[in-house]
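> mind looking at a prediction? Sequence and model below.
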Amino acid sequence: MSPEQRKRTAGGKGKGARSEGRRRLSLAGFGGLVVVLFLVFAVAQGIGQPSVPEGEVAIVEDVPEEIGSVTTEEFDRALEQAAARSGQQQPPEPGNPQYEELKMTALGFLLDTVWLQGQAEEMGIGVSQQDVQSELRQIRNQEFQSAQEYRDFLEESKFTQEDVEEQVRLQLLSDEIQQRVIAGASQVSPGRVEAYYEAAQEQFTTPASRDVRLILNENRQRVEQANQQLQQDDSDQAWNRVARRFSTDEASKDNGGLREGLSEGLVEEPLNSRVFAAAQGEIVGPVKTPIGWYVFQVEEITPEDVQPLDQVRDQIRSQLAQQEQQGAFEGFIDDYFSKWQARTFCADGYVIDRCSNFKGEARPPDAPPACYRANPRNEPEACPAAVRQLVPALPGTVSLLVPTGEQLPQRPRPAGLGEAPEAGLPGGIPGGALPPGAAPAP
């Protein structure tokens, strides 16, 4: 496709607004789609890329004619706004590391502006000027105490009124795109709700518990004396008296030995087993444990309580719908970046990783440059692998409760880990490994 055939323009109105920099004005924060669009995305070099005309820093294909290019004038204004946001009066000179950072911020935002409008056009989404003014009034009322404070913001941020209105319009488009994407992912079938309920019984179950009065002491004779007195009189008054005299349990000795709401596993063994095997009102002891001797009495038993499905149906449906919406939006973002990055071409000196003609270094972004240089002056302490770390789900952990499973980074097989039998592990995983000490399947 020739440059004359591409849908673009040599200019545009109010594009200087395309800067994320601002002091206090939230402008709805670009909290939905726009924030996500600033994520670093792996890019590939375009094939048959067009040239960028003089006076423009980037072009985007297949968008409405009036928004298809980013001019040098627009870039310069966005760069000034990015510098103002970082507290600088003027942008640094090219070649300065701060300039490179601000360049990526400014150009990235300008491309986001084109991409958002292009995506909205393809989805048939628009925003009226009345909607923009209504949203802007709310923002000004919430963020600024006076008209003068708002004017001060415009001056310090190097924004014009048109810039602000453009940014508000973009936020409204972003919100509508996100709502459109997730709208179709909100339906959850009754069968999925019921399956989740069955798999997540523990979430809706209050375990059985017991209120217990107890005496603890390292001296068995002291516990036996307490037991004898309680066998004769187990009234509340007697427990208060005996606990103060014989118990060393700081949590209960001043409260008649009472420990309320004990559920399985909250106290040490064998006390735990004896408590949950005892009948209500029975005095049991002495019971030896690692921390001393006990005598106890179960005062009240509260059985396990499971919330019925009808009580939690809406809660489950909402939770599953949120999962579906998140998955749908993440899938949209992946496709969004791939599509618009492939349509974007940048001029020399302005190429960033959002451009189709970007050529990245063959190293992970967090790797020291010295790791990829021959005979570097300063040897790096450690160099990561030259591939992206994978974090697949641990087999058997993917479920309705945890759709992504337990994700663990891949690593070399630890020494001592036995080999799996040729037939594979149970479940049909060929070539798997057995834990140390495990016997192969027959």
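Ah, there it is. Just so we're clear, the structure is a prediction, and the values are computed from it rather than from any experiment.
> every contact and neighbour count from this point should use C-alpha atoms.
OK.
> got a list of what residue 262 touches?
With contacts defined as C-alpha atoms under 8 Å, 6 or more residues apart in numbering, residue 262 is in contact with 209-212.
> skipping adjacent residues, who's closest to residue 254 in space?
Ranked by C-alpha to C-alpha, 6 or more residues apart in numbering and with sequence neighbours excluded, the top spatial neighbour of residue 254 is residue 244, at 5.9 Å.
> element containing the one you found, please.
Element membership for residue 244, per DSSP states H and E: helix 236-246.
> what's the average pLDDT for stretch 106-119?
What stretch 106-119 shows for mean pLDDT is 92.
> can you tell me the element the most centrally placed residue in the chain falls in?
Geometric centre of the chain, nearest residue: residue 326, 10.4 Å, by C-alpha atoms, centre = their mean. Element membership for residue 326 (DSSP H and E) is helix 309-342.
> parallel or antiparallel, which strands does the very next helix or strand once past that helix pair with?
Sequence-wise, the next helix or strand downstream of helix 309-342 (DSSP H and E) is strand 344-346. Sheet partners assigned to strand 344-346 using DSSP bridges are listed as strand 56-60 (antiparallel).
> and the helix or strand that the strand it pairs with is followed by, how far out from the chain's middle?
Next along the chain after strand 56-60, taking DSSP H and E as the criterion, comes strand 69-71. Strand 69-71 sits 34 Å away from the centroid of its parent chain (C-alpha atoms, centre = their mean, to the nearest Å).
> and stretch 286-294, by the same measure?
Centroid displacement of stretch 286-294 relative to its chain, using C-alpha atoms, centre = their mean, is 46 Å.
> which outside residues touch it?
With contacts defined as C-alpha under 8 Å, 6+ apart, stretch 286-294 is touched by 214-220, 223-224, 227, 268-271, 285, 295.
> average pLDDT across it?
On average, stretch 286-294 scores 91.
> could you check the angle the biggest strand by length in the chain makes with helix 236-246?
Scanning the chain for the strand with the most residues, using DSSP state E, yields strand 292-302. Calculated by axes from the mean of the first three to the mean of the last three C-alpha atoms, to 10 degrees, strand 292-302 forms an angle of 150 degrees with helix 236-246.
> alpha carbons of strand 292-302, in PDB - could you do that?
Extracted in PDB, the C-alpha atoms of strand 292-302 (Å, rounded to 0.1, in the frame of the first residue of the first chain):
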ATOM      1  CA  GLY A 292       1.500 -30.100  80.000                       C
ATOM      2  CA  TRP A 293      -1.400 -31.900  81.400                       C
ATOM      3  CA  TYR A 294      -5.100 -31.000  80.800                       C
ATOM      4  CA  VAL A 295      -8.500 -31.600  82.400                       C
ATOM      5  CA  PHE A 296     -11.400 -30.300  80.300                       C
ATOM      6  CA  GLN A 297     -15.100 -30.200  79.900                       C
ATOM      7  CA  VAL A 298     -17.000 -29.600  76.700                       C
ATOM      8  CA  GLU A 299     -19.600 -27.000  77.500                       C
ATOM      9  CA  GLU A 300     -21.300 -26.500  74.100                       C
ATOM     10  CA  ILE A 301     -21.200 -28.100  70.700                       C
ATOM     11  CA  THR A 302     -21.800 -26.200  67.500                       C
END
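> stretch 156-165: end-to-end distance?
17 Å (C-alpha to C-alpha, to the nearest Å).
> to the chain's geometric centre, what's the distance from that stretch?
Relative to the centre of its chain, stretch 156-165 is centred 32 Å away, using C-alpha atoms, centre = their mean.
> quick one: mean pLDDT for that stretch?
Here the average pLDDT along stretch 156-165 is 92.
> ok, stretch 247-263 next?
89.
> buried set for it?
With burial defined by 16 or more other C-alpha atoms under 10 Å, the residues of stretch 247-263 counted as buried are 247-249, 252-259, 261-263.
> measure residue 295 to residue 234 for me?
Applying C-alpha to C-alpha to residue 295 and residue 234 gives a distance of 12 Å.
> can you list residues touching both of those two?
In contact with both residue 295 and residue 234: no residue, using C-alpha under 8 Å, 6+ apart.
> neighbour count winner among these two?
Ranked by neighbour count (other C-alpha atoms under 10 Å), residue 295 and residue 234 place residue 295 first, with 23 against 17.
> list the contacts of residue 99.
If you count contacts by C-alpha under 8 Å, 6+ apart, then residue 99 has 91-93 around it.
> if we use 10 Å, what do you get?
79, 83, 91-93, 105 (C-alpha atoms under 10 Å, 6 or more residues apart in numbering).
> want to throw the contacts of residue 262 into CSV with pLDDT?
Below are those laid out as CSV (pLDDT from 0 to 100):
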residue, pLDDT
209, 90
210, 91
211, 92
212, 92
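> closest one of the residues you listed to residue 301?
Nearest to residue 301 among the contacts of residue 262: residue 210, at 4.7 Å, using C-alpha to C-alpha.
> that's a strand at that closest one, yeah?
Yes. Residue 210 forms part of a strand when assessed by DSSP: H, G, I helix; E, B strand; the rest coil.
> which pLDDT value goes with the nearest residue to it once chain neighbours are set aside?
Take residue 210 and drop its neighbours on the chain: the residue closest to it by C-alpha to C-alpha, 6+ apart is residue 301, 4.7 Å away. Looking at residue 301, its pLDDT reads 92.
> distance of residue 301 relative to residue 222?
Counting by C-alpha to C-alpha - residue 301 and residue 222 are separated by 27 Å.
> what does residue 270 give?
From residue 270 to residue 222 the distance is 19 Å (C-alpha to C-alpha).
> show me which of those two is the more surrounded one.
Higher neighbour count among residue 270 and residue 222: residue 222, with 18 against 12, using other C-alpha under 10 Å.
> my guess is residue 226 contacts residue 219, does it?
No. Contact between residue 226 and residue 219 fails when scored by C-alpha atoms under 10 Å: they sit 11.2 Å apart.
> out of the two, which sits in the busier spot?
With neighbours defined as other C-alpha under 10 Å, residue 226 and residue 219 compare such that residue 226 has more, 28 against 12.
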